[in-house]
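Novice: my questions are about this predicted structure, shown below with the sequence.
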Amino acid sequence: MSDKVPYLDLPAQIRSVRKELDAVIARTLDNCSFCLGPDVAQFEKDFARFVGAQHCVAFNSGTSALHVALLLLDIKPGDEVISTPYTFVATSWAISYVGATPVYVDVEDGTMNLDPKLLERAITSKTKAVMPVHLYGQPFDIDPVLEICRKHKLPLVEDTAQSHAAKYKGKIVGTFGEMSCFSFYPGKNLGACGEGGALVTNNAEFARRARSLREHGSTVRYYHDEVGFNYRMEGIQGAVLGVKLPHLQKWTNERRRVAHRYHELLKDTPLQLPFEAAYAESAYHLYVVRDPQRDKLKEHLDANGVGCALHYPVPLHLQKCYASLGHKAGDFPVAEKAANQCLSLPVYPELTDAQIQRVVAVIKEFFAR
Ligand SMILES: *Cc1c(COP(=O)(O)O)cnc(C)c1O
């Protein structure tokens, strides 16, 4: 009972595909397609097909893809974009990068995703887009959000950075809004060997302009139609993602196996377990339990060699970087409570049943004290 369980075991995932990775990385070294190139182009096609979308534009990060999504919607200083305060900060970075103001809507207590019941009252004449997050791998409740977006003629952008292969009412997320943005950061459900991201859309004009914006605002080399960026995906990352994508569905199934095993083994503990909504098939990017004694429980897990993490300890409206928004504690009480109670347990395809039982035993030991 003394084996350590790492919070994340990326080396195990890399080992499982190491031969194929070595081969495609060697091929990239041979052909020197380091920036974009044929492997990135192929991955774009394959990933678009996986999501069920017409276009995928690969980026050097999910943050860059989110930034470009808001540029495509011509969002400008003075505009407002509605999002959630309970997410990784990059969701809001995109809003700030275009000079707009993030307007937060609190989350639901069960899913910790944007609460559709609170959405409409946050809309003003300055609102230009709605950008919720499929947090922890679980889709937000898309239909009521879309209904409000349509009523107010607002585009929906999905932050799908944590939810590759997650399903809403049986359909993979990423094509419900005007655009969706994925991250291939190494720890994400589909991860590069470095940074990566993608913008997925069914809008050909958005895809065309996104390709231009990621490459210095040009479609013909050295002719620049607008101020652009160097947001290109690296050739090696396209090759790596091409190796990993065929494993994604199997890996997602394994994540769900781990989650369901936790549900089963932890159900008679005082922990509040992740709630999978009836409309959702979560991709379990994270398995986040909640407890009022979170800090002590984390100490106990750390001391016993069980890796865990906090997603997220401080909601965005209380972050120093957003002090200028003028929010105070109490403004988004559900998000704040979640931030105080959340604890992410190890969840990855390679996690064995013995490791799951070890995590559970250490948790039960804590509550038996
Ligand atoms: C990881 C993440 C991002 C940013 O992706 P990067 O590839 O790290 O830039 C954006 N939003 C959410 C919700 C994320 O989890």
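Specialist: Looks like it came in fine. Small disclaimer: the values here were computed from a predicted structure and weren't measured. Residues are numbered from 1 along each chain as shown.
Novice: what's in contact with the helix or strand hosting Ser212?
Specialist: Assignment of secondary structure by DSSP states H and E places Ser212 within helix 204-214. When contacts are taken as CB atoms under 8 Å, 6 or more residues apart in numbering, the neighbours of helix 204-214 outside the stretch itself are 54-55, 57, 59-60, 64, 68-69, 71-72, 178-179, 199, 201, 218-219, 225-226, 228-232. C-betas here are computed from N, CA, C, even on glycine.
Novice: can you list contacts of the next helix or strand after it?
Specialist: In the C-terminal direction, the helix or strand that comes right after helix 204-214 (DSSP H and E) is helix 235-244. Contacts to helix 235-244, defined as CB under 8 Å, 6+ apart, come from residues 17, 20-21, 24-25, 27-28, 33-37, 39-44, 46-47, 58, 184, 190-196.
Novice: what mean pLDDT does helix 235-244 have?
Specialist: Per-residue confidence for helix 235-244 averages out to 98 on the pLDDT scale.
Novice: try stretch 342-351
Specialist: 98.
Novice: who's in contact with it?
Specialist: 5-9, 12-13, 16, 112, 250-251, 254-255, 258-259, 262, 284-291, 294, 297-298, 301, 306-313, 355, 359.
Novice: the stretch 201-350 of the chain: helices as residue ranges?
Specialist: The residue ranges that make up the helices of the stretch 201-350 of the chain, judged by DSSP state H, counting those that start in this stretch, are 204-214, 235-244, 248-266, 294-303, 333-341.
Novice: got the CA positions of the second one in PDB?
Specialist: The C-alpha coordinates for helix 235-244 follow below in PDB (Å, rounded to 0.1, in the frame of the first residue of the first chain):
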ATOM      1  CA  GLY A 235       5.200  20.300 -38.200                       C
ATOM      2  CA  ILE A 236       6.400  17.900 -35.500                       C
ATOM      3  CA  GLN A 237       3.200  18.500 -33.400                       C
ATOM      4  CA  GLY A 238       1.000  17.800 -36.400                       C
ATOM      5  CA  ALA A 239       2.800  14.500 -36.900                       C
ATOM      6  CA  VAL A 240       2.600  13.600 -33.200                       C
ATOM      7  CA  LEU A 241      -1.200  14.400 -33.100                       C
ATOM      8  CA  GLY A 242      -1.700  12.300 -36.200                       C
ATOM      9  CA  VAL A 243      -0.200   9.400 -34.300                       C
ATOM     10  CA  LYS A 244      -2.300  10.000 -31.200                       C
END
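Novice: measure Pro333 to the ligand for me?
Specialist: 21 Å (CB to the nearest ligand atom, to the nearest Å).
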